[in-house]
Structure formats: structure tokens, C-alpha cells
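Q: My questions concern the predicted model and sequence given below.
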Amino acid sequence: MAQYVAIIEDADPDAVSLWFPDLPGCISGGDDVDEALENAPEALAFYAHDLSDEGRRLPPPRTLAELEADPEFAEDLRNHTAVVIEWPPATDAE
């Protein structure tokens with residue numbers, strides 16, 4: 001099971017967004033953090049499906065430490081909350 005780091009941005013009082021540094025354009029959102037997190041696996045599923053339609057696969061996820069060392073994402077990780085989203089999501093049957 002892969003674990004993708006997601007960054008939660010909650011600066012907007014009416015919505016929370018969550019995005020994946022390793023998956024450009026893959027975002028989730030909701031009215032609050034819980035809803036954005038709940039919607040994250042669906043966002044990953046749509047992203048994976050779109051890549052599959054193009055004959056591609058999800059790239060391997062980087063660790064939090066690897067992303068913190070990447071100047072492109074270091075500031076976002078310092079200023080926002082990072083979480084790990086498992087892919088594919090665990091099911092109740094497991």
C-alpha cells in the first residue's frame with residue numbers, strides 16, 4: 001500500500017483544500033478538514049483513473065522527509081499541515 005503525503009490548506013473560512021505534492025493537479029476539498037480528508041481517496045481514485053486512461057500509473061510516493069528536502073514544497077510543509085493518505089484505501093473487509 002502506498003502512502004502519499006497531502007498538504008492541508010485551511011486559510012479560507014468556508015472551505016478546506018488538500019493537495020498532493022507528488023500528484024500535480026490532484027486536489028480534494030470540503031467544508032472542513034474532516035470532509036477534505038474523507039474526500040481524498042476519491043480524488044486519488046479519479047487521478048489514478050485519468051492516468052490509466054493515458055496509459056500511465058501513479059508515480060511512487062515520496063516520504064515526508066524527501067518532500068521537506070525539496071525546495072519546491074519545503075515552505076508549504078512548514079506553513080501547513082501534512083497528512084498521509086493510503087492508496088489504495090483500506091476497506092472494512094481487510
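A: Great, that's in hand.
Q: just checking, next helix/strand downstream of the longest helix belonging to the chain?
A: The longest helix of the chain (DSSP state H) is helix 33-53. Where DSSP states H and E defines the elements, the next helix or strand beyond helix 33-53 is helix 64-68.
Q: Would you indicate which residues of stretch 44-61 are buried?
A: Along stretch 44-61, the positions that meet the burial threshold by neighbour count (16 or more other CB atoms under 10 Å) are 44, 47-48, 58, 61. In short, each C-beta sits where N, CA and C put it, glycine included.
Q: End to end on it, go ahead and measure it.
A: Length of stretch 44-61, first residue to last, CA to CA, to the nearest Å: 12 Å.
Q: again with stretch 18-25
A: For stretch 18-25, the separation between the terminal residues is 11 Å (CA to CA).
Q: Now do the same for that stretch: mean pLDDT, whole number.
A: Stretch 18-25 comes out with an average pLDDT of 96.
Q: Mind listing residues that contact it?
A: Applying CB atoms under 8 Å, 6 or more residues apart in numbering, the set of residues contacting stretch 18-25 from outside is 4-9, 26-29, 36-37, 39-40, 43-44, 47, 58-62, 67, 70, 72-73, 76, 83, 85.
Q: can we see that at 6 Å?
A: 4, 6-8, 26-28, 36, 40, 47, 59, 61-62, 67, 73 (CB atoms under 6 Å, 6 or more residues apart in numbering).
Q: Please name every helix or strand in contact with the longest helix of the chain.
A: strand 16-19, strand 27-30 (3 or more CB pairs under 6 Å, 6 or more residues apart in numbering; DSSP states H and E).
Q: average model confidence for that helix?
A: Along helix 33-53, the predicted confidence averages to a pLDDT of 94.
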